[in-house]
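*Asks:* fold the following for me, if possible:
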Amino acid sequence: MAAPKLVPLLLLTVIVGTKGVFGQGGGASWCVARSDASNDALQTALDYACGAGADCLSLQAEGLCFLPNTIQAHASYAFNSFYQRKARAPGSCDFAGTATIATSDPSYGSCVYPSTASAAGGPNTPITTPPMNNPNVPSTTTTPIYGGGNTGGLTPGMTTPFPDNSRAPSEAIATWFLVLFSFLIISIIS
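*Replies:* From the prediction side, this is the model:
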């Protein structure tokens, strides 16, 4: 009887397929501040991002992403907003070497980082937010970061101060999908 021999093969196909759809192979990406970037460079890049199209309203004192009130957290949110609004175009997540691409969702608490242009307000949303000036960082930089060749460290990756629990919902969906599909296949074969 050939049907019982097909069940493990079908289950393996479902597992591999769901990991590609729901796991790391899903294709979502976020633009975040590099952990090794200087505060001065991040402040300059944050001001640029907010002035060039990023949605920085969430970073205002009443906004959902104001806390933690750090240049690293604010820059990450603004960089991602700019990157998503530019439809993840090549070069839209650089900010003079202060940003990097992340494949795990940096959202935390009520601060949700958009993962698509439409969720970020789309690429044609008018600029309505002024540049951010973080009161915790002195603004004494006189040499422009852009075009100055000062890109800081280039080691990829970032350690985030926020817990990474972003994969939990997608793995739960993948597990339920796997169970449902397995029962469906077994009932068809039997």
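
*Asks:* for L57, grab phi and psi.
*Replies:* phi -60, psi -30 (degrees, to the nearest 10).

*Asks:* what separates it from S187, distance-wise?
*Replies:* 51 Å (C-beta to C-beta, to the nearest Å). Glycine gets a C-beta too; all of them are placed from N, C-alpha and C.

*Asks:* and these two? Which one has more around it.
*Replies:* Ranked by neighbour count (other C-beta atoms under 10 Å), L57 and S187 place L57 first, with 15 against 8.

*Asks:* the more buried one and N39, how far apart?
*Replies:* Remark: distance between L57 and N39 (C-beta to C-beta) = 22 Å.

*Asks:* low-confidence stretches in this protein?
*Replies:* The chain contains residues with pLDDT under 70 at 1-26, 122-177.

*Asks:* strands of that one, start to end?
*Replies:* Here the chain has its strands, by DSSP state E, at 30-33, 99-102.

*Asks:* out of those strands, which is the most enclosed?
*Replies:* strand 30-33 (a mean of 26; mean count of other C-beta atoms under 10 Å).

*Asks:* quick one: contacts of that strand?
*Replies:* Contact with strand 30-33 is made by 42, 45, 71-72, 75-76, 79-80, 82-84, 92-93, 98-106, 113, 115, 158, 160, as judged by C-beta atoms under 8 Å, 6 or more residues apart in numbering.

*Asks:* lovely, talk soon.
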